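Novice: One predicted model, sequence on top.
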Amino acid sequence: VSKGPGNTKVAKSTAVPPGPPVYLDLVYIPNHSNSKNVDVEFFKRVRSFYYVVSGNDSAAEEPSRAVLDSLLEGKAQWESNMQVTLIPTHDSEVMREWYQETHEKQQDLNIMVLASSSTVVMQDESFPACKIEL
């Protein structure tokens, strides 16, 4: 909070300042889906068919439950009910709990969460994979 004209308190701006929405096909949620950088205003303004949610660090609370909840709250304020696909890059306890606890709301808001059982093997390494068609 900072002092504005006449010593009135003015709240610092959110991660994404208010304004008209921006429409995109694919958005990578920044900073491992950390709630310090992504809030409801982000999802009200940055509207996408696909959101990639990174994060596999439970100690750092990534992905953040607050960010996932912000997606629901922000999308609920969109004028249209276009389908949104959420693509997690890692399987995490936070993601699984959020998915189960909010599944009905996800359906109401036309949000689909991709889960992948596919694995890519390259040289001596294997990792999960999702196929995205735009």
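Specialist: Yep, it's here. Numbering: from 1, shown residues only.
Novice: can you map out the strands along this protein?
Specialist: 2-3, 9-10, 22-28, 46-53, 84-88, 111-113, 118-122, 125-129 (DSSP state E).
Novice: For residue 65, find the nearest of those.
Specialist: strand 46-53 (11.4 Å; C-beta to C-beta). Where C-beta positions appear, they are placed from N, C-alpha and C, glycine not excepted.
Novice: tell me the mean pLDDT for the closest one?
Specialist: The average pLDDT within strand 46-53 is 93.
Novice: Tell me which strands it pairs with, and in which orientation.
Specialist: strand 22-28 (parallel), strand 84-88 (parallel) (DSSP bridges).
Novice: where exactly do the helices run in the protein?
Specialist: 30-33, 40-45, 65-75, 93-101, 103-108 (DSSP state H).
Novice: of the ones you listed, which approaches residue 126 most closely?
Specialist: Among these, helix 93-101 comes nearest to residue 126, with 20.3 Å by C-beta to C-beta.
Novice: What residues of the closest one count as buried?
Specialist: 94-95, 98 (16 or more other C-beta atoms under 10 Å).
Novice: and of these, the nearest to residue 37?
Specialist: residue 94 (16.5 Å).
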